[in-house]
Each structure stands twice: as C-alpha cells, then as structure tokens.
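Peer 1: I'd like to go over a predicted model; first the sequence, then the structure.
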Amino acid sequence: MENTRRHLISLAVLTALSLTVPATTFAQLHLEIAKAPEQAPKIAIVPFGNDNNALYPIIENDLNRSGRFTSASQNLPATAQLNQIQADNWQSAGVPYVVVGQLKPIAGNSFEVHYQLYDVQKRQYLLNEVLTVPNSRVRQAGHMISDAIYQALTGIAGDFSGRIAYVLRNQATPAQRYTLQIADTDGEQPKTVLSSRDPILSPTWSPDAKKIAYVSFETKRPAIYLQDLATGQREVLTSFRGLNGAPSFSPDGQSMLFTASMNGNPEIYQMNLATRKIQRMTRDSAIDTEARYAPDGKSFIFTSDRGGAPQIYRYSFDDASVKRLTFKGSFNARGTLSADGKKIALVHRPSGSNYKVAIQDINTGITNILTPTSLDESPSFSPNGQMVVYATREGNRGLLSIMSTDGRFRMNLPSEQGEVREPAWAPK
C-alpha cells in the first residue's frame, strides 16, 4: 500500500474557494438527474466513519453526475473501512472501485479527513490521503476529494469544486426581478452578487475567477460592469452610446472584448483594462457580436451575419484575417471554446424554431448536436472540457442543464423561485 499523503487545507485556501460576496441565499437550485449514464463502471462510496452523512453523500453525488461512474453505494455487498477492504467480496459483486474514509475532530474547530480509493482488480490503493479541513469548509473538501478521485480514475482533472454564475429572473419580486448568482456545480450554496429591477446579461469570469463582468440595464441603457467578488466593489467599464454587450476576458486578464454600436453598427472592440484604451477589431456592414478569446490569446471567435445568416467566425490577431468556421445549418451563434481550444460549443438551429447546443471539432469541422431539448442557449464548457452547462426550457420552466460532451449524462438545475439563464462556468 502506498504511503499516506497528507495535505493541509488551510482556512485561507478553502476560503479562496468559496465566495466572500454577501452570503444572501436567494434561490436554491435543485438537482434533477435527467439522463443517467449506462454501463458505466461501478464505484462504491462507503459511508465515512464519524461523518454524520455530511461528506460522503457529496462525493457520491459528484461521481454519479460525472457520467463516468455508476453508484454502487446502495445495498453494499460488504462492509469496509480504512485499510480493511475485502477485495474478493467486492469483486464478486462486480464493483471495481471502493472509497472509504474517516473524519476525526481536531483542535481549531477542524476535521482530519482520511480517505482511500481502492482498485479491487489490482488490489491496491490508488489514493490514500489525509486532509485537514476547517469545519465550515467540509462541503468544499468533499468536492475536492471528488476531483482527486475522478482524476485518479480518468487521468482528467475533476471540476466538482468549481462554480457556475447565472442570472435568475423572478417576476414575483419586482425589486429583485433579476439577480446575478453564483453556486457550486451541483446547485448548492447559491450566493447573490447583484440584485436589480432591470435585466442582467452575459456574466463572464476573469481568468483568476476573482471578478465577474456583466451587462446591466440599471440606468435604463446597457452598460458593462466589472465586480470584485471579494469586496463587492464594482465599476463601469463601458457605457457608450447604443449597444454595450458580450464582455469576454483575455486569457491573461489584461484585455476585454466586447460588442458596441458607438459608431452605428454593432462591432467587436477590445479594451486594455489597465489604460481603458479602446481598439476597434471588426469593420463590416453586418452585425458582429459575442466575441470569445481563444485559450492561447492569438485569436477570437465571434458571431456575424456577414454571410447572410448568423455563423461563427475566427479573427486572427497576427494579420487581422477573418475565417468562417461553421457551415452546417443556417444558424450558429453564441460560440465558446473549450480550454484546450479544440472544440466549440454553440447554439445551432437544425430546422424550424429548434435551437440546440452542438459541439464542433475545430480541426475537422464536424458538428454534432448534443442536447435533446429545443430552446437551448448560452453554452459554457467546464474547465476540463468534459461537460457543458447551458440554459434551456422544459415545459414552462426556464432552467440550467449540465450535460457531458459525450451525451451520456444530463442533469437539470431548476429553481423554484424563477427562471435561470445565462450560465457561465468559472475557470480553474
């Protein structure tokens, strides 16, 4: 068995993982499994010792909703605890992976969490770690353990400890008809960043996930604001005559792309965030909007109807050349790039009034429709590129859905207090 690895998760580190914006909980998102994975490997999360059902359910839910695993934690075929896993019993039950753990209270209102991931076939521990966790950060620790397990079994970094920003629209509360919220990726621990009578649109994260830019109509005209999540301080970045919209941070956080119509036609502009200097990037009689930087910062994609209908184009900073990327279908818009720059998630209209999220491979140009619903918008990749969050409608509900990019798993995140729109997954 590998030596136990110890990790001290300090209060400062875990505090950085949770928002310090006002902790007003405005609307809880409720997780609903819409499509469960089929024939995924089983993994058993055995209730942790001294856990009081606080930690292990988080890990179980995380791994279940990854689409890569199927929970085998009901009707466990054998008991198990730290350093005592009976491999033969688990192998007979067809469970290849087992997670066990123990919580121990320690000084400073903290816990010591010891957990192990066991490979039944290889009969060895893949993870054997001890975490020191402040009592107030147990939920974050659960997501971090899920990330570690996911990476150990797939070789891909997990995204369970991430966050999602979204806009909640609630007609029942006129003074707070629109709220910008941030929640964990399972919909838990929502916090309100901004409340307004007027629309809030297009939230986007800074690369360090410490700030959010968004469009607000609070002055009865669109303006782009930048808000610090730790202090709550906000400033106006653009409030030009006409349209101000679709902000996007450069990978280094030094610049921002946005759409403006200050010169008559909606075009893409770039702002140096240190000097506030503006540079016009596109010049066309068509509408150019929804720009998003490529991960390497050498280009950006954007939506334009310069070809007669909305399609995705790429602008290269080297030579200011523009190249059309999408050709399948008469409508492709709201493109966003995966962190490796190899895929675009976009809103695609295959026919009629159906709008679906599709994934296009940059190199091959092959486009595959991802979502089963028909009024989808605002796709956003998870940092590891394995999931996409988007807004959709099911019946009379406006909700968020998270779907694996292979289509094997989907979960819904509706709110009981209104419609949720405009999701944006935080970078790591």
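Peer 2: Here it is on my side, so go on. Numbers count the residues shown, from 1 in each chain.

Peer 1: Am I right that residue 61 falls within a helix?
Peer 2: Yes: Residue 61: assigned to a helix according to DSSP: H, G, I helix; E, B strand; the rest coil.

Peer 1: next one: phi and psi at the nearest residue to it once chain neighbours are set aside?
Peer 2: Of all residues not flanking residue 61 in the chain, residue 186 sits nearest, at 6.3 Å (C-beta to C-beta, 6 or more residues apart in numbering). (Each C-beta comes from the backbone N, C-alpha and C, glycine too.) With angles defined as degrees, to the nearest 10, residue 186 sits at phi -100, psi 10.

Peer 1: Check the burial of residue 186 by counting its neighbours.
Peer 2: When neighbours are counted by other C-beta atoms under 10 Å, residue 186 registers 21.

Peer 1: With residue 212 instead?
Peer 2: Neighbour tally, residue 212, other C-beta under 10 Å: 25.

Peer 1: What pLDDT does the model give it?
Peer 2: Residue 212 carries a pLDDT value of 98.

Peer 1: swap in residue 301?
Peer 2: 98.

Peer 1: Contacts only, for it.
Peer 2: Applying C-beta atoms under 8 Å, 6 or more residues apart in numbering, we find residue 301 in contact with 291, 292, 294, 312, 313, 314, 315, 325, 335, 337, 344.

Peer 1: Kindly report the same for residue 203.
Peer 2: Shown in contact with residue 203 (C-beta under 8 Å, 6+ apart): 165, 166, 167, 180, 212, 213, 214, 422, 424.

Peer 1: Surely the third one forms part of a helix?
Peer 2: Put plainly, it is residue 167. No: applying three-state DSSP, one finds residue 167 to be strand, outside a helix.

Peer 1: burial measure for the residue nearest to it when sequence neighbours are not counted, as a count.
Peer 2: By the measure of C-beta to C-beta, 6+ apart, the closest residue to residue 167 outside its immediate chain neighbours is residue 422, 4.3 Å from it. Residue 422 has 24 neighbours, counted by other C-beta under 10 Å.

Peer 1: and what of the one 4 residues further on?
Peer 2: For residue 426, the neighbour count with other C-beta under 10 Å is 22.

Peer 1: May I have the distance across stretch 240-256, first residue to last?
Peer 2: End-to-end distance of stretch 240-256 (C-alpha to C-alpha, to the nearest Å): 15 Å.

Peer 1: Could you check how far it is from the centre of its chain?
Peer 2: 20 Å (C-alpha atoms, centre = their mean, to the nearest Å).

Peer 1: Flag every buried residue along that stretch.
Peer 2: The neighbour-count check on stretch 240-256 (16 or more other C-beta atoms under 10 Å) flags 240, 243, 244, 245, 246, 247, 248, 249, 250, 255, 256 as buried.

Peer 1: do stretch 155-166 as well
Peer 2: Residues of stretch 155-166 classed as buried by neighbour count (16+ other C-beta under 10 Å): 157, 158, 159, 160, 161, 162, 163, 164, 165, 166.

Peer 1: Excluding covalently adjacent residues, which one is nearest to the fifth one?
Peer 2: What it means is residue 161. Leaving aside its sequence neighbours, residue 161 sits nearest to residue 143 (C-beta to C-beta, 6+ apart; 3.9 Å).

Peer 1: shaky segments in the chain?
Peer 2: Residues of the chain that meet the criterion pLDDT under 70 lie in 1-27, 36-37, 74-75, 77-78.

Peer 1: The residue located most distally from the centre of it sits in which helix or strand?
Peer 2: The C-alpha centroid of the chain is most remote from residue 88, which lies 38.8 Å away (C-alpha atoms, centre = their mean). Counting by DSSP states H and E, the element that carries residue 88 is helix 87-92.

Peer 1: Following that helix in sequence, what is the next regular element?
Peer 2: Next along the chain after helix 87-92, taking DSSP H and E as the criterion, comes strand 97-106.

Peer 1: can you list contacts of that next one?
Peer 2: Residues outside strand 97-106 that contact it (C-beta under 8 Å, 6+ apart): 41-46, 48-51, 54-56, 59, 69, 80-82, 85, 90, 111-120, 132, 145, 149, 153.

Peer 1: Now do the buried residues in that strand.
Peer 2: Here strand 97-106 shows 97, 98, 99, 100, 101, 102, 103 as buried, counting by 16+ other C-beta under 10 Å.

Peer 1: Check stretch 394-401 too.
Peer 2: Going by neighbour count (16+ other C-beta under 10 Å), the buried part of stretch 394-401 is 398, 399, 400, 401.

Peer 1: Only alpha carbons, please: show that stretch as CSV.
Peer 2: Taking C-alpha atoms only, stretch 394-401 is exported to CSV below (Å, rounded to 0.1, in the frame of the first residue of the first chain):
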residue,chain,number,x,y,z
GLU,A,394,-38.7,22.3,-20.4
GLY,A,395,-42.5,22.9,-20.4
ASN,A,396,-43.0,26.2,-18.6
ARG,A,397,-39.7,26.1,-16.7
GLY,A,398,-36.5,28.0,-17.6
LEU,A,399,-33.6,26.1,-16.1
LEU,A,400,-30.0,25.2,-16.4
SER,A,401,-28.8,21.8,-17.7
